[in-house]
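Q: Please find the sequence and the predicted model below.
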Amino acid sequence: MCTVVIRVPDRAGDAVRLLAVRDEDPGRPWLPLGESWPDTHPGVVGVRDVRAGGAWLAAAPASGRLAVLLNRADVSDRPESELVSRGGIVLTSVAGSPPAGEPPTHGFNLVEVDGPTARVTVWDGARLHTTELEPGTHMLAHDDVDDPGTARIARWLGEFRDAVLDGDRWWAPWLGILARSAELSHDDDRTIIRDNRAFGYPTLSTLLCAATVSPTGLEVRYAELAEPGAWNDLAL
């Protein structure tokens with residue numbers, strides 16, 4: 001039930017901007033943004049899942065690649081014994097190998113930024129397909145890109161599109177939208193800062209990352225919520 005907002009520039013040389021909110025069981029441990037795979041993926045920074053060893057979000061600054069994964073329902077009937085963690089997909093993506101064939105995982109939406117371009121790869125357990133994102137601002141959760149059937153997208157995408165992003169703290173207007181969404185009750189499906197227990201899932205919003213990918217470099221910033229599922233002012 002994570003959320004990603006991404007702005008793809010329409011002018012060559014401008015930066016891709018991305019804001020990603022992670023929803024997870026707070027009892028599942030993670031390592032904050034850092035170089036957590038020095039032996040297997042040197043130079044890669046990301047948010048590491050301690051249990052499975054993979055990444056929710058990772059970036060390779062040297063190559064200008066970034067990837068973040070959101071869970072998605074699937075139609076696969078494979079037994080759990082044949083499936084592996086989705087977190088490895090993020091690491092192989094930033095290494096230059098996007099998913100192909102029939103991934104042996106549950107369903108996912110994978111957002112990939114490679115220099116000035118961005119794309120979303122969807123795996124629903126039956127079909128893997130990739131969509132290049134057009135210039136503009138897009139929003140993604142557990143269904144399709146800019147899906148009007150997803151309540152938080154229907155409510156907030158227009159505001160994310162209208163926000164002016166500039167200056168050293170370009171992400172501030174987008175954080176303001178997150179704060180306003182958090183004024184809704186936890187059982188309101190339009191909120192972005194989530195307590196998904198109201199919808200039958202043990203996950204809450206725990207952290208977020210803001211990333212800039214430009215011809216001059218890649219930067220990722222990280223902050224954790226003081227209390228899972230509840231908004232507070234963040235210093236990225």
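A: In hand now; what should we look at?
Q: With residue 223 as the reference, measure out to the residue nearest to residue 186 when sequence neighbours are not counted.
A: Leaving aside its sequence neighbours, residue 186 sits nearest to residue 195 (C-beta to C-beta, 6 or more residues apart in numbering; 4.0 Å). Where you see a C-beta, it was placed from the backbone N, CA and C, and this is true even at glycine. With distances taken as C-beta to C-beta, to the nearest Å, residue 195 is found 18 Å from residue 223.
Q: For the longest helix seen in the chain, name the packing helices and strands.
A: Across the chain, the longest stretch assigned as helix under DSSP state H is helix 151-162. On a contact count with 3 or more C-beta pairs under 8 Å, 6 or more residues apart in numbering; DSSP states H and E, helix 151-162 meets strand 136-140, helix 172-181.
Q: let's go with 6 Å and repeat that
A: strand 136-140 (3 or more C-beta pairs under 6 Å, 6 or more residues apart in numbering; DSSP states H and E).
Q: Please work out which residues outside the strand it packs on touch it.
A: Contacting residues not belonging to strand 136-140 are listed as 4, 5, 6, 7, 109, 145, 146, 153, 157, 160, 161 [C-beta atoms under 6 Å, 6 or more residues apart in numbering].
Q: Pick out the most distant pair among those residues.
A: 109 and 161 (19.6 Å; C-beta to C-beta).
Q: where does residue 198 land in three-state SS?
A: Three-state assignment for residue 198 (DSSP: H, G, I helix; E, B strand; the rest coil): helix.
Q: quick one: pLDDT of it?
A: At residue 198, the model reports a pLDDT of 90.
Q: how near is the residue nearest to it when sequence neighbours are not counted to residue 229?
A: Spatial nearest neighbour of residue 198, excluding adjacent residues (C-beta to C-beta, 6+ apart): residue 187 at 4.0 Å. Distance of residue 187 to residue 229, given as C-beta to C-beta: 12 Å.
Q: of these two, who's got more company?
A: Counted by other C-beta atoms under 10 Å, residue 187 and residue 229 do not tie: residue 229 has more neighbours, with 20 against 10.
Q: List of residues touching the longest strand along the chain?
A: Counting residues, the longest strand found in the chain (DSSP state E) is strand 204-214. Applying C-beta under 6 Å, 6+ apart, the external contacts of strand 204-214 come out as 15-16, 18-24, 26, 57, 64, 66, 113, 171, 193-195, 219-222, 224, 228-229, 236.
Q: Filter these down to just the buried residues.
A: 15-16, 18-24, 26, 57, 64, 66, 113, 171, 193-195, 220-222, 224, 228-229 (16 or more other C-beta atoms under 10 Å).
Q: just to revisit the earlier point, next, the angle from the longest strand of the chain to helix 172-181.
A: Strand 204-214 runs at 160 degrees relative to helix 172-181, counting by axes from the mean of the first three to the mean of the last three C-alpha atoms, to 10 degrees.
Q: how distant is strand 204-214 from the center of its chain?
A: Centre-to-centre, strand 204-214 and its host chain are 7 Å apart (C-alpha atoms, centre = their mean, to the nearest Å).
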